[in-house]
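S.K.: Provided below are the primary sequence and the corresponding predicted coordinates.
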Amino acid sequence: MKPLAVSAAQRPSLALLGAEPFRAAMELTSHMFARSATAKPGDGHAVVIFPGLGASGGSVAPLREHCRALGYDAFDWGQGFNTGPQGDLDAWLHDLKAQVVDRLGGHSRPATLIGWSLGGLYAREIGKLMSRQIRQVITIGTPFNAEADHSNVGWLFRLLSGTSSALDPALSRRLRTPPPLRTTSIYSRSDGVVAWQTCRHDKQSRLVHDIEVDGSHMGMGWNRDVLAAVSDRLGQPPGPWRRYVRTP
């Protein structure tokens, strides 16, 4: 299957974008009053969570606490606010890798990397650099499969290349390529920030899986369907995984 053509994906409508704060608030309310789900206790492996652009570890607190409640040693990336890569992308990613290795000190088992929005691009690239030490990568609302600006925050892409031009074709191909390990992309067709088509892989395989949920972009970190999908992915044993089946 060929990569998505530019015409196949359009940035979300301004109506969806404008509704993002309200929808995210409603999802947070639903999360706060939700009955705790029963799940098999996790195996305690480490989970590193990367926040989205302009967000800090506080934004992923509900997701972090959800993972901890399931029995995993979850923590955020520890770098404060995500302001985007600084300077040369490869050098910046290698520095981030070193920081992740430091955060994982004391953990002997492979870790899971979870990234929200721009943070998902970090998770995928770090997963490529640390594939022997990573169990799986999970991205949430991450537009990795783009050939052009298909978001309502176009400067997100330009941050990656360090230029004011459109997304570089070589960088686009790089971001589109999944890590050589189990990778899940969670996305929503009603995302008001990024085009949902850019959050899907061109091909599904025994290692690559996409999961669709219903929700806003800003509320994905506490969206009940997202948390259920994350629970399923974290709880699966190493090796080829079973397909995700949403529970009622």
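M.R.: Everything's here; your move.

S.K.: and the gap between Val245 and Asp210?
M.R.: Distance of Val245 to Asp210, computed by C-beta to C-beta, to the nearest Å: 14 Å. C-betas here are computed from N, CA, C, even on glycine.

S.K.: now Leu16
M.R.: Noted for Leu16: a distance of 20 Å to Asp210, by C-beta to C-beta.

S.K.: thinking again about what came up before, so between Val245 and Asp210, which is more surrounded?
M.R.: Set Val245 next to Asp210 and count neighbours by other C-beta atoms under 10 Å: Asp210 wins out with 16 against 6.

S.K.: for this structure, which segments count as strands?
M.R.: Applying DSSP state E to the chain gives strands spanning 46-50, 73-76, 111-116, 134-140, 182-188, 208-213.

S.K.: restrict the first one to CA atoms and write it as PDB.
M.R.: Listed in PDB are the C-alpha atoms of strand 46-50, where the atom choice follows Å, rounded to 0.1, in the frame of the first residue of the first chain:
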ATOM      1  CA  ALA A  46       8.700   0.400  33.400                       C
ATOM      2  CA  VAL A  47       6.500   2.700  31.400                       C
ATOM      3  CA  VAL A  48       7.900   6.000  30.100                       C
ATOM      4  CA  ILE A  49       5.300   8.600  29.000                       C
ATOM      5  CA  PHE A  50       6.200  11.500  26.700                       C
END
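
S.K.: relative to strand 111-116, how tilted is it?
M.R.: Here strand 46-50 runs at 20 degrees with respect to strand 111-116, directions being taken by axes from the mean of the first three to the mean of the last three C-alpha atoms, to 10 degrees.

S.K.: any idea how far strand 46-50 is from the chain center?
M.R.: Distance, stretch centre to chain centre, for strand 46-50: 11 Å (C-alpha atoms, centre = their mean, to the nearest Å).

S.K.: which neighbouring elements make contact with that strand?
M.R.: helix 61-69, strand 73-76, strand 111-116, helix 118-129 (3 or more C-beta pairs under 8 Å, 6 or more residues apart in numbering; DSSP states H and E).
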